[in-house]
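>>> Quick check, what structure comes out for this input:
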Amino acid sequence: MAKTTRILIPSDFTVDSLDFVAQSIEESIADQLDIILVYGNKSSTSASELLGIGLEDQLDALQSESFLEACKAIYQRYQNRKLSIFADILGTDNRNYLQHYLKGQSVDEVRIPSNYTYKRKTRNFFNVAHALLNIEGQVCPSISFKS
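Model prediction:
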């Protein structure tokens, strides 16, 4: 059985950001791919926000219908690759947290677009690409960083 390659890609959950996702799929030689799209949104310290807003609520607010439709189109285009795409939100740019997240998610590759400007959709946004580049070389050597 072929091993699934897990690729983490920073995203702002816009249709424009999916061009790099499609490019990453094209460049990969893996037969099975899990793509993890991550948005940086520092966790609030407000008790009411912490209790009332879950991950699904945040993703619903960040992902437009056109973004979700574009993800479906990519999924259908590459269905022969046994592709899965899912979204997540990183709540901190703390180095230790990021290292544990990558290991915990069994990430094989981190792909960062070299010339993309992320759109700030929340007041607590942080640039995941910059945070990940700051830990490059400090994480498990089996995780490769590509742009």
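
>>> Quick check: what element follows the lengthiest helix in the chain along the chain?
When the chain is parsed with DSSP state H, its longest helix is helix 65-77. Next along the chain after helix 65-77, taking DSSP states H and E as the criterion, comes strand 83-90.

>>> Give me the helices and strands touching that following strand, please.
Packing partners of strand 83-90 (3 or more Cβ pairs under 8 Å, 6 or more residues apart in numbering; DSSP states H and E): strand 32-40, helix 55-62, helix 65-77, helix 95-104. Heads up, the C-betas are built off the backbone N, CA and C, glycines and all.

>>> Repeat the analysis, applying 10 Å as the threshold.
Packing partners of strand 83-90 (3 or more Cβ pairs under 10 Å, 6 or more residues apart in numbering; DSSP states H and E): strand 4-10, helix 18-27, strand 32-40, helix 55-62, helix 65-77, helix 95-104, helix 128-135.

>>> With distance to residue 144 and mean pLDDT as added columns, please give those in CSV.
Compiled in CSV, these are given as follows (distance: least, Cβ to Cβ, whole Å; pLDDT from 0 to 100):
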stretch, distance to residue 144, mean pLDDT
strand 4-10, 10, 95
helix 18-27, 12, 94
strand 32-40, 14, 95
helix 55-62, 27, 84
helix 65-77, 22, 94
helix 95-104, 11, 92
helix 128-135, 12, 88
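
>>> CSV for these, including mean neighbour count and distance to residue 146?
CSV is the format used below for the helices and strands packed on strand 83-90 (neighbours: other Cβ atoms under 10 Å; distance: least, Cβ to Cβ, whole Å):
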stretch, mean neighbour count, distance to residue 146
strand 4-10, 21, 9
helix 18-27, 15, 8
strand 32-40, 21, 13
helix 55-62, 13, 25
helix 65-77, 14, 19
helix 95-104, 15, 14
helix 128-135, 18, 11
